[in-house]
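# sharing a model that was predicted from the sequence below.
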Amino acid sequence: MKTCLIVDDSKMIRRVAGRILQDLKFESQEAENGQQAIEKCYSRMPDAILLDWNMPVMDGLTFLKTLRQTPGGEQPVVVFCTAERDVSKIVEAIEAGANEYVMKPFDSDIISSKFFQAGLLS
Amino acid sequence: MSRVLSLRPSYYEALKRLTLELVGINLGANHPFLIETRLATLARKEGFEDLNTLIDELFSRGQSRLAIKVVSALLERDTHFNPDPLAIRQFAETIYPKLLGDFPGETLRILSFGCSSGQEPYSFAIQLNKLRQIYPNTRFDVTGIDYPSPALDRAGRGQYTHFEVQRGLPIRDLISYFDRHGEDWVVKQELRNMVTFKEHHLLSNLGELGQFHVVIFRNGLSDYSSAAQVRVMRGLSSIVVAGGCLILGTDDETPKLSYGFEEQANLKGVFMKPKKATEDEIQADAENRIVRPTVAPIPYEPQRKTPVNRG
(Lines give C-alpha, C1' and ligand atoms only; values in the text may rest on other atoms or scores of the structure.)
Protein backbone atom coordinates (compact mmCIF):
# COMPACT_ATOMS: atom_id res chain seq x y z
CA MET A 1 0.00 0.00 0.00
CA LYS A 2 1.32 3.46 -0.94
CA THR A 3 1.76 6.05 1.79
CA CYS A 4 0.85 9.72 1.87
CA LEU A 5 1.73 12.36 4.45
CA ILE A 6 -0.89 15.07 4.94
CA VAL A 7 0.72 18.30 6.13
CA ASP A 8 -1.84 20.93 7.18
CA ASP A 9 -2.49 22.91 10.34
CA SER A 10 -6.26 22.47 9.93
CA LYS A 11 -7.56 19.34 11.60
CA MET A 12 -10.64 19.40 9.39
CA ILE A 13 -8.60 19.50 6.16
CA ARG A 14 -6.44 16.62 7.44
CA ARG A 15 -9.58 14.61 8.17
CA VAL A 16 -11.19 15.31 4.76
CA ALA A 17 -7.94 14.56 2.92
CA GLY A 18 -7.51 11.38 5.00
CA ARG A 19 -10.89 10.10 3.85
CA ILE A 20 -10.11 10.82 0.21
CA LEU A 21 -6.77 9.01 0.53
CA GLN A 22 -8.47 6.06 2.20
CA ASP A 23 -10.79 5.77 -0.83
CA LEU A 24 -7.74 5.87 -3.08
CA LYS A 25 -6.22 2.99 -1.04
CA PHE A 26 -3.43 5.08 0.46
CA GLU A 27 -2.13 4.71 4.00
CA SER A 28 -2.03 8.22 5.41
CA GLN A 29 -0.01 9.96 8.12
CA GLU A 30 -0.53 13.49 9.42
CA ALA A 31 1.63 16.43 10.41
CA GLU A 32 0.49 19.86 11.67
CA ASN A 33 3.40 21.86 10.24
CA GLY A 34 6.56 21.61 8.17
CA GLN A 35 8.79 20.81 11.15
CA GLN A 36 6.69 17.81 12.18
CA ALA A 37 6.55 16.73 8.54
CA ILE A 38 10.35 16.79 8.19
CA GLU A 39 10.70 14.60 11.29
CA LYS A 40 8.14 12.12 9.90
CA CYS A 41 10.02 12.03 6.59
CA TYR A 42 13.32 11.32 8.40
CA SER A 43 11.78 8.28 10.04
CA ARG A 44 9.88 7.07 6.98
CA MET A 45 9.81 8.68 3.54
CA PRO A 46 6.26 8.61 2.13
CA ASP A 47 5.33 8.03 -1.53
CA ALA A 48 3.31 11.25 -1.64
CA ILE A 49 2.85 14.44 0.38
CA LEU A 50 -0.21 16.72 0.38
CA LEU A 51 1.22 20.03 1.53
CA ASP A 52 -0.39 23.22 2.81
CA TRP A 53 1.42 26.52 2.28
CA ASN A 54 0.67 28.69 5.32
CA MET A 55 1.39 26.90 8.59
CA PRO A 56 2.94 27.88 11.94
CA VAL A 57 6.48 26.80 12.95
CA MET A 58 7.55 25.92 9.41
CA ASP A 59 5.57 26.79 6.26
CA GLY A 60 5.06 24.49 3.28
CA LEU A 61 7.58 26.16 0.99
CA THR A 62 10.39 25.98 3.55
CA PHE A 63 9.51 22.33 4.24
CA LEU A 64 9.60 21.51 0.51
CA LYS A 65 13.00 23.16 -0.02
CA THR A 66 14.38 21.29 3.01
CA LEU A 67 12.88 18.00 1.88
CA ARG A 68 14.32 18.20 -1.62
CA GLN A 69 17.83 18.69 -0.13
CA THR A 70 17.45 15.68 2.15
CA PRO A 71 18.83 12.29 1.00
CA GLY A 72 15.84 10.40 -0.45
CA GLY A 73 13.78 13.58 -0.31
CA GLU A 74 13.62 13.80 -4.08
CA GLN A 75 11.43 10.68 -4.15
CA PRO A 76 8.01 11.69 -2.78
CA VAL A 77 5.47 13.21 -5.13
CA VAL A 78 4.63 16.56 -3.51
CA VAL A 79 1.25 18.09 -4.23
CA PHE A 80 0.83 21.59 -2.83
CA CYS A 81 -2.70 21.90 -1.51
CA THR A 82 -3.35 25.51 -0.65
CA ALA A 83 -5.67 28.48 -0.83
CA GLU A 84 -2.94 30.44 -2.65
CA ARG A 85 -4.11 30.98 -6.24
CA ASP A 86 -1.70 33.55 -7.60
CA VAL A 87 0.25 32.36 -10.62
CA SER A 88 3.44 33.75 -9.03
CA LYS A 89 2.88 31.48 -5.98
CA ILE A 90 2.25 28.46 -8.22
CA VAL A 91 5.48 29.15 -10.12
CA GLU A 92 7.36 29.54 -6.82
CA ALA A 93 6.05 26.15 -5.65
CA ILE A 94 7.03 24.41 -8.88
CA GLU A 95 10.50 25.95 -8.80
CA ALA A 96 10.92 24.72 -5.22
CA GLY A 97 10.21 21.17 -6.37
CA ALA A 98 6.44 20.66 -6.20
CA ASN A 99 5.14 18.05 -8.65
CA GLU A 100 1.58 19.30 -8.67
CA TYR A 101 -0.55 22.04 -7.19
CA VAL A 102 -4.14 21.95 -5.91
CA MET A 103 -6.09 25.10 -5.11
CA LYS A 104 -8.49 24.82 -2.19
CA PRO A 105 -11.31 23.97 -1.99
CA PHE A 106 -10.71 20.56 -3.55
CA ASP A 107 -12.60 17.30 -3.91
CA SER A 108 -11.70 13.67 -4.42
CA ASP A 109 -11.84 14.00 -8.23
CA ILE A 110 -9.15 16.67 -8.14
CA ILE A 111 -6.86 14.73 -5.79
CA SER A 112 -7.21 11.51 -7.80
CA SER A 113 -6.64 13.43 -11.04
CA LYS A 114 -3.40 14.93 -9.65
CA PHE A 115 -2.21 11.57 -8.28
CA PHE A 116 -2.96 9.96 -11.63
CA GLN A 117 -0.91 12.61 -13.48
CA ALA A 118 1.95 12.04 -11.05
CA GLY A 119 1.88 8.30 -11.75
CA LEU A 120 0.69 7.36 -8.26
CA LEU A 121 -2.52 5.86 -9.63
CA SER A 122 -3.10 3.79 -12.74
CA MET B 1 -36.39 13.86 2.76
CA SER B 2 -38.03 13.14 -0.59
CA ARG B 3 -38.03 15.81 -3.22
CA VAL B 4 -41.22 16.68 -5.09
CA LEU B 5 -41.04 16.47 -8.86
CA SER B 6 -42.61 19.43 -10.60
CA LEU B 7 -42.75 18.14 -14.16
CA ARG B 8 -45.91 16.35 -15.29
CA PRO B 9 -45.16 12.59 -15.63
CA SER B 10 -46.41 12.42 -19.22
CA TYR B 11 -43.74 14.95 -20.18
CA TYR B 12 -40.91 12.56 -19.26
CA GLU B 13 -41.95 10.09 -21.95
CA ALA B 14 -42.48 12.92 -24.42
CA LEU B 15 -38.97 14.27 -23.72
CA LYS B 16 -37.45 10.81 -24.17
CA ARG B 17 -39.23 10.45 -27.52
CA LEU B 18 -38.14 13.92 -28.59
CA THR B 19 -34.49 13.15 -27.75
CA LEU B 20 -34.60 9.87 -29.64
CA GLU B 21 -36.24 11.42 -32.69
CA LEU B 22 -34.12 14.55 -32.78
CA VAL B 23 -30.64 13.27 -32.02
CA GLY B 24 -31.02 9.47 -31.99
CA ILE B 25 -30.07 9.10 -28.33
CA ASN B 26 -31.87 6.96 -25.78
CA LEU B 27 -32.13 8.87 -22.51
CA GLY B 28 -32.61 5.49 -20.87
CA ALA B 29 -32.21 5.44 -17.13
CA ASN B 30 -31.61 9.17 -16.73
CA HIS B 31 -33.19 10.03 -13.44
CA PRO B 32 -36.18 12.41 -13.50
CA PHE B 33 -34.39 14.64 -10.97
CA LEU B 34 -31.47 15.04 -13.37
CA ILE B 35 -33.86 15.93 -16.19
CA GLU B 36 -35.63 18.44 -13.97
CA THR B 37 -32.46 20.07 -12.69
CA ARG B 38 -31.07 20.59 -16.16
CA LEU B 39 -34.31 21.84 -17.67
CA ALA B 40 -35.11 24.11 -14.73
CA THR B 41 -31.83 25.92 -15.32
CA LEU B 42 -32.69 26.27 -19.01
CA ALA B 43 -36.24 27.48 -18.22
CA ARG B 44 -34.85 30.24 -15.99
CA LYS B 45 -32.30 31.24 -18.58
CA GLU B 46 -34.88 31.37 -21.36
CA GLY B 47 -37.23 33.49 -19.24
CA PHE B 48 -40.03 30.95 -18.67
CA GLU B 49 -42.14 31.09 -15.54
CA ASP B 50 -41.39 27.48 -14.65
CA LEU B 51 -40.39 24.15 -16.12
CA ASN B 52 -43.90 23.13 -17.21
CA THR B 53 -44.34 26.41 -19.08
CA LEU B 54 -41.15 25.69 -21.00
CA ILE B 55 -42.34 22.22 -21.96
CA ASP B 56 -45.84 23.48 -22.83
CA GLU B 57 -44.26 26.00 -25.17
CA LEU B 58 -42.03 23.33 -26.66
CA PHE B 59 -44.77 20.85 -27.48
CA SER B 60 -47.54 23.30 -28.36
CA ARG B 61 -45.56 25.43 -30.79
CA GLY B 62 -42.99 22.89 -31.89
CA GLN B 63 -40.10 25.36 -31.90
CA SER B 64 -37.15 23.54 -33.37
CA ARG B 65 -34.59 25.94 -31.87
CA LEU B 66 -36.07 25.46 -28.40
CA ALA B 67 -36.23 21.70 -28.96
CA ILE B 68 -32.50 21.65 -29.71
CA LYS B 69 -31.79 23.69 -26.58
CA VAL B 70 -33.89 21.33 -24.45
CA VAL B 71 -32.22 18.23 -25.86
CA SER B 72 -28.75 19.78 -25.54
CA ALA B 73 -29.44 20.58 -21.89
CA LEU B 74 -30.57 17.00 -21.29
CA LEU B 75 -27.46 15.56 -22.92
CA GLU B 76 -24.83 17.88 -21.46
CA ARG B 77 -21.90 15.77 -20.36
CA ASP B 78 -19.51 16.36 -17.51
CA THR B 79 -16.18 16.50 -19.31
CA HIS B 80 -12.64 16.86 -18.03
CA PHE B 81 -9.38 18.07 -19.47
CA ASN B 82 -7.27 15.18 -20.78
CA PRO B 83 -10.31 12.95 -20.40
CA ASP B 84 -8.64 9.87 -21.85
CA PRO B 85 -4.88 9.96 -21.14
CA LEU B 86 -4.23 6.74 -23.07
CA ALA B 87 -5.93 8.13 -26.18
CA ILE B 88 -3.84 11.31 -26.00
CA ARG B 89 -0.61 9.34 -25.43
CA GLN B 90 -1.33 7.09 -28.43
CA PHE B 91 -2.09 10.17 -30.50
CA ALA B 92 1.17 11.90 -29.53
CA GLU B 93 3.47 8.90 -29.76
CA THR B 94 2.10 7.01 -32.77
CA ILE B 95 -0.76 8.60 -34.69
CA TYR B 96 0.59 12.14 -35.09
CA PRO B 97 4.08 11.11 -36.28
CA LYS B 98 2.48 8.73 -38.78
CA LEU B 99 0.16 11.42 -40.12
CA LEU B 100 3.05 13.87 -40.48
CA GLY B 101 4.88 11.26 -42.55
CA ASP B 102 1.83 10.38 -44.65
CA PHE B 103 0.66 13.96 -45.26
CA PRO B 104 3.87 16.01 -45.50
CA GLY B 105 3.36 19.76 -45.58
CA GLU B 106 -0.40 19.55 -45.03
CA THR B 107 -2.28 21.32 -42.25
CA LEU B 108 -3.52 18.43 -40.13
CA ARG B 109 -7.19 18.85 -39.27
CA ILE B 110 -8.58 17.37 -36.08
CA LEU B 111 -12.29 17.22 -35.23
CA SER B 112 -13.74 16.74 -31.75
CA PHE B 113 -17.23 15.36 -32.46
CA GLY B 114 -19.61 16.21 -29.61
CA CYS B 115 -17.16 18.50 -27.83
CA SER B 116 -19.54 19.73 -25.08
CA SER B 117 -17.81 22.47 -23.06
CA GLY B 118 -14.56 22.18 -25.00
CA GLN B 119 -12.08 20.52 -22.63
CA GLU B 120 -11.28 17.76 -25.13
CA PRO B 121 -10.38 19.97 -28.13
CA TYR B 122 -8.34 22.30 -25.89
CA SER B 123 -6.50 19.28 -24.43
CA PHE B 124 -5.58 18.06 -27.92
CA ALA B 125 -4.51 21.56 -28.98
CA ILE B 126 -2.22 21.78 -25.93
CA GLN B 127 -0.72 18.42 -26.84
CA LEU B 128 -0.25 19.44 -30.47
CA ASN B 129 1.41 22.68 -29.41
CA LYS B 130 3.84 20.74 -27.21
CA LEU B 131 4.60 18.39 -30.11
CA ARG B 132 5.90 21.38 -32.06
CA GLN B 133 9.06 21.07 -29.97
CA ILE B 134 9.68 17.68 -31.58
CA TYR B 135 8.13 18.42 -34.97
CA PRO B 136 8.70 22.12 -35.69
CA ASN B 137 6.98 23.89 -38.57
CA THR B 138 3.94 21.64 -38.44
CA ARG B 139 0.50 23.13 -38.93
CA PHE B 140 -2.78 21.93 -37.46
CA ASP B 141 -6.24 23.12 -36.65
CA VAL B 142 -8.66 21.71 -34.13
CA THR B 143 -12.44 22.01 -34.54
CA GLY B 144 -15.03 21.18 -31.91
CA ILE B 145 -18.66 20.66 -32.94
CA ASP B 146 -21.81 20.06 -30.95
CA TYR B 147 -25.43 21.08 -30.74
CA PRO B 148 -26.04 24.71 -29.77
CA SER B 149 -25.95 24.86 -25.99
CA PRO B 150 -24.63 26.93 -23.08
CA ALA B 151 -21.80 24.37 -22.85
CA LEU B 152 -20.70 25.09 -26.41
CA ASP B 153 -20.93 28.85 -25.77
CA ARG B 154 -18.65 28.36 -22.78
CA ALA B 155 -16.23 26.33 -24.90
CA GLY B 156 -15.95 29.31 -27.25
CA ARG B 157 -15.26 31.67 -24.37
CA GLY B 158 -12.75 29.19 -22.93
CA GLN B 159 -13.78 30.05 -19.40
CA TYR B 160 -13.63 27.38 -16.70
CA THR B 161 -14.15 27.21 -12.97
CA HIS B 162 -11.50 26.54 -10.38
CA PHE B 163 -12.79 22.94 -10.11
CA GLU B 164 -12.90 22.30 -13.86
CA VAL B 165 -9.31 23.34 -14.56
CA GLN B 166 -8.03 21.14 -11.77
CA ARG B 167 -9.62 17.98 -13.18
CA GLY B 168 -7.16 16.48 -15.61
CA LEU B 169 -5.07 19.56 -16.37
CA PRO B 170 -1.47 19.45 -15.11
CA ILE B 171 -0.54 22.59 -13.17
CA ARG B 172 2.21 23.49 -15.66
CA ASP B 173 -0.35 23.47 -18.49
CA LEU B 174 -2.72 25.60 -16.41
CA ILE B 175 -0.20 28.38 -15.93
CA SER B 176 1.12 28.12 -19.49
CA TYR B 177 -2.20 28.17 -21.35
CA PHE B 178 -4.66 29.93 -19.01
CA ASP B 179 -5.02 33.32 -17.35
CA ARG B 180 -6.71 33.80 -14.03
CA HIS B 181 -9.83 35.97 -14.20
CA GLY B 182 -11.23 36.38 -10.70
CA GLU B 183 -12.34 32.95 -9.53
CA ASP B 184 -12.24 31.48 -13.05
CA TRP B 185 -9.50 30.60 -15.50
CA VAL B 186 -9.65 31.63 -19.17
CA VAL B 187 -7.86 30.05 -22.10
CA LYS B 188 -5.08 32.30 -23.42
CA GLN B 189 -5.63 33.79 -26.85
CA GLU B 190 -2.71 31.82 -28.27
CA LEU B 191 -4.48 28.53 -27.48
CA ARG B 192 -7.91 29.84 -28.42
CA ASN B 193 -6.58 30.68 -31.88
CA MET B 194 -5.81 27.00 -32.41
CA VAL B 195 -9.37 25.81 -31.76
CA THR B 196 -12.63 26.62 -33.56
CA PHE B 197 -16.06 25.74 -32.20
CA LYS B 198 -19.09 25.30 -34.41
CA GLU B 199 -22.73 24.58 -33.78
CA HIS B 200 -23.70 21.51 -35.76
CA HIS B 201 -26.43 18.90 -35.65
CA LEU B 202 -24.39 15.75 -35.19
CA LEU B 203 -26.77 13.59 -37.25
CA SER B 204 -26.93 16.01 -40.15
CA ASN B 205 -24.67 16.03 -43.20
CA LEU B 206 -21.11 16.52 -42.00
CA GLY B 207 -19.74 17.15 -45.48
CA GLU B 208 -19.84 20.94 -45.14
CA LEU B 209 -17.23 20.71 -42.37
CA GLY B 210 -14.69 19.44 -44.89
CA GLN B 211 -12.28 16.55 -44.49
CA PHE B 212 -10.31 15.71 -41.34
CA HIS B 213 -7.20 13.67 -40.67
CA VAL B 214 -8.39 12.72 -37.18
CA VAL B 215 -11.89 12.57 -35.73
CA ILE B 216 -12.24 12.10 -31.97
CA PHE B 217 -15.56 10.70 -30.80
CA ARG B 218 -15.20 9.39 -27.29
CA ASN B 219 -17.74 7.63 -25.10
CA GLY B 220 -20.72 8.62 -27.17
CA LEU B 221 -21.51 5.88 -29.65
CA SER B 222 -23.23 3.52 -27.21
CA ASP B 223 -25.76 6.23 -26.25
CA TYR B 224 -27.17 6.26 -29.78
CA SER B 225 -29.96 4.01 -31.03
CA SER B 226 -28.85 1.32 -33.51
CA ALA B 227 -30.18 3.28 -36.48
CA ALA B 228 -28.47 6.49 -35.30
CA GLN B 229 -25.17 4.63 -34.72
CA VAL B 230 -25.15 3.63 -38.38
CA ARG B 231 -25.89 7.22 -39.41
CA VAL B 232 -23.17 8.67 -37.17
CA MET B 233 -20.53 6.17 -38.25
CA ARG B 234 -21.35 6.64 -41.95
CA GLY B 235 -21.15 10.39 -41.47
CA LEU B 236 -17.79 10.15 -39.73
CA SER B 237 -16.45 7.78 -42.35
CA SER B 238 -17.36 10.33 -45.03
CA ILE B 239 -15.25 13.10 -43.45
CA VAL B 240 -12.11 11.17 -42.50
CA VAL B 241 -9.49 11.33 -45.25
CA ALA B 242 -8.08 8.07 -46.55
CA GLY B 243 -5.07 7.43 -44.33
CA GLY B 244 -6.69 9.32 -41.43
CA CYS B 245 -8.26 7.86 -38.33
CA LEU B 246 -11.18 7.79 -35.96
CA ILE B 247 -10.43 7.77 -32.23
CA LEU B 248 -13.13 6.29 -30.05
CA GLY B 249 -12.82 6.16 -26.27
CA THR B 250 -10.37 3.50 -25.14
CA ASP B 251 -13.21 1.93 -23.14
CA ASP B 252 -15.79 2.20 -25.94
CA GLU B 253 -17.26 -0.87 -27.57
CA THR B 254 -16.00 -1.62 -31.07
CA PRO B 255 -18.64 -0.76 -33.69
CA LYS B 256 -20.33 -3.83 -35.12
CA LEU B 257 -19.58 -2.82 -38.71
CA SER B 258 -16.30 -1.45 -40.09
CA TYR B 259 -17.68 1.58 -42.01
CA GLY B 260 -14.46 1.58 -44.00
CA PHE B 261 -12.21 1.72 -40.92
CA GLU B 262 -9.70 -0.85 -39.75
CA GLU B 263 -9.33 -1.40 -36.02
CA GLN B 264 -5.70 -1.07 -34.92
CA ALA B 265 -4.61 -4.02 -32.81
CA ASN B 266 -1.78 -2.05 -31.15
CA LEU B 267 -3.75 1.16 -30.57
CA LYS B 268 -6.76 0.89 -28.29
CA GLY B 269 -9.89 2.58 -29.63
CA VAL B 270 -8.18 3.71 -32.85
CA PHE B 271 -9.63 2.94 -36.29
CA MET B 272 -7.61 3.83 -39.38
CA LYS B 273 -9.14 4.49 -42.77
CA PRO B 274 -6.88 2.73 -45.26
CA LYS B 275 -5.11 5.02 -47.65
CA LYS B 276 -6.29 4.59 -51.24
CA ALA B 277 -3.58 3.10 -53.38
CA THR B 278 -2.23 5.34 -56.14
CA GLU B 279 -2.18 4.12 -59.75
CA ASP B 280 1.54 3.39 -59.39
CA GLU B 281 0.99 1.44 -56.19
CA ILE B 282 -1.84 -0.58 -57.80
CA GLN B 283 0.42 -1.34 -60.76
CA ALA B 284 3.31 -2.31 -58.47
CA ASP B 285 0.98 -4.50 -56.42
CA ALA B 286 -0.33 -6.19 -59.57
CA GLU B 287 3.24 -6.76 -60.76
CA ASN B 288 4.14 -8.38 -57.46
CA ARG B 289 1.18 -10.72 -57.68
CA ILE B 290 2.21 -12.14 -61.07
CA VAL B 291 4.33 -15.24 -60.57
CA ARG B 292 7.12 -14.88 -63.02
CA PRO B 293 9.11 -17.91 -64.12
CA THR B 294 12.72 -17.81 -63.13
CA VAL B 295 13.77 -20.49 -65.65
CA ALA B 296 12.85 -21.01 -69.26
CA PRO B 297 9.30 -22.31 -69.66
CA ILE B 298 8.96 -26.01 -70.20
CA PRO B 299 7.60 -26.76 -73.69
CA TYR B 300 4.14 -28.16 -73.69
CA GLU B 301 3.90 -31.84 -74.21
CA PRO B 302 0.67 -33.74 -74.47
CA GLN B 303 0.24 -35.92 -71.42
CA ARG B 304 0.99 -39.50 -72.13
CA LYS B 305 -0.77 -42.27 -70.45
CA THR B 306 1.73 -44.32 -68.55
CA PRO B 307 1.02 -47.68 -67.11
CA VAL B 308 0.62 -47.67 -63.39
CA ASN B 309 2.78 -50.07 -61.58
CA ARG B 310 0.37 -51.71 -59.22
CA GLY B 311 2.92 -54.09 -57.89
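Sure, I can see it.

# just the helices in chain A please.
Assigned helices in chain A, in chain order: A:11-23, A:34-43, A:60-68, A:87-95, A:108-117 (criterion: DSSP state H).

# can you name the residues that contact the closest residue to B:Asp184 other than its chain neighbours?
Of all residues not flanking B:Asp184 in the chain, B:Gln159 sits nearest, at 5.3 Å (C-beta to C-beta, 6 or more residues apart in numbering or on different chains). Every C-beta, even on glycine, is put in place using the N, C-alpha and C of the backbone. By C-beta atoms under 8 Å, 6 or more residues apart in numbering or on different chains, B:Gln159 lies in contact with B:181, B:184-187.

# which SS state does B:Phe271 fall under?
The three-state label given to B:Phe271 by DSSP: H, G, I helix; E, B strand; the rest coil is strand.

# that one and B:Leu202: what is the separation?
Distance, B:Phe271 to B:Leu202, by C-beta to C-beta, to the nearest Å: 18 Å.

# check B:Lys98 too.
Separation of B:Lys98 from B:Leu202 (C-beta to C-beta): 27 Å.

# more crowded one of these two?
Per other C-beta atoms under 10 Å in any protein chain shown, whichever of B:Lys98 and B:Leu202 has more neighbours is B:Leu202, with 21 against 13.

# touching, the more buried one and B:Cys115? I think so.
No. Between B:Leu202 and B:Cys115 there is no contact under C-beta atoms under 8 Å: 10.3 Å.

# list residues touching both of these two?
B:145-146.

# tally up the residues packed near B:Val187, please.
Residues near B:Val187, counting by other C-beta under 10 Å, number 24.

# how about B:Lys130?
Around B:Lys130 sit 12 other residues, with neighbours defined as other C-beta under 10 Å.

# leaving out sequence neighbours, find the closest residue to it.
Nearest to B:Lys130 is B:Ala92, by C-beta to C-beta, 6+ apart, at 7.9 Å.

# check contacts around the one you found.
B:Ala92 touches B:127, B:130-131, counting by C-beta under 8 Å, 6+ apart.

# okay, it: pLDDT?
pLDDT recorded at B:Ala92 is 96.

# ok, the nearest residue to A:Lys65 once chain neighbours are set aside - contacts?
Using C-beta to C-beta, 6+ apart and skipping the chain neighbours, the partner closest in space to A:Lys65 is A:Ala96 (5.3 Å). Residues near A:Ala96 by C-beta under 8 Å, 6+ apart: A:61, A:64-65, A:68.

# which one among these gets closest to chain B?
Using C-beta to the nearest C-beta, A:Leu64 comes nearest to chain B of the contacts of A:Ala96, at 14.1 Å.

# enumerate every residue touching the closest one.
Residues in contact with A:Leu64, defined by C-beta under 8 Å, 6+ apart, are A:51, A:78, A:80, A:93, A:96-98.

# again, 6 Å this time
Listed by C-beta atoms under 6 Å, 6 or more residues apart in numbering or on different chains, the contact partners of A:Leu64 are A:78, A:96-97.

# next one: B:Glu164
The contact partners of B:Glu164, by C-beta under 6 Å, 6+ apart, come to none.

# likewise for the one 3 residues further on?
Contacts of B:Arg167 were listed using C-beta under 6 Å, 6+ apart, and they are A:109, A:113, B:80.

# so what pLDDT did residue 95 get?
Let's take chain A. 96.

# hmm, no, I was thinking of chain B.
97.

# burial measure for B:Asn205, as a count.
11.

# can you tell me the closest non-neighbouring residue to it?
B:Gly235 (7.4 Å).

# can you report how many residues lie near the one you found?
For B:Gly235, using other C-beta under 10 Å, the count is 19.

# centroid residue for the chain?
Assuming you mean chain A. Residue closest to the average C-alpha location in chain A (C-alpha atoms, centre = their mean): A:Leu50, at 1.8 Å.

# that answer is for a different chain, and I need it for chain B
B:Phe217 (2.1 Å).

# tell me how far the residue nearest to A:Lys65 lies from B:Ser64.
56 Å.

# around chain B, pick out the residues from chain A.
A:87, A:90, A:100-101, A:103, A:109-110, A:113, A:117 (C-beta under 6 Å from any C-beta of the partner chain).

# let's go with 8 Å and repeat that
A:85-87, A:90-91, A:94, A:98, A:100-103, A:106-107, A:109-110, A:113-114, A:116-117 (C-beta under 8 Å from any C-beta of the partner chain).

# pull out the buried members of those residues.
Those of the residues of chain A next to chain B that meet the buried threshold are A:90, A:94, A:98, A:100-103, A:106, A:110, A:113-114, A:117, by 16 or more other C-beta atoms under 10 Å in any protein chain shown.
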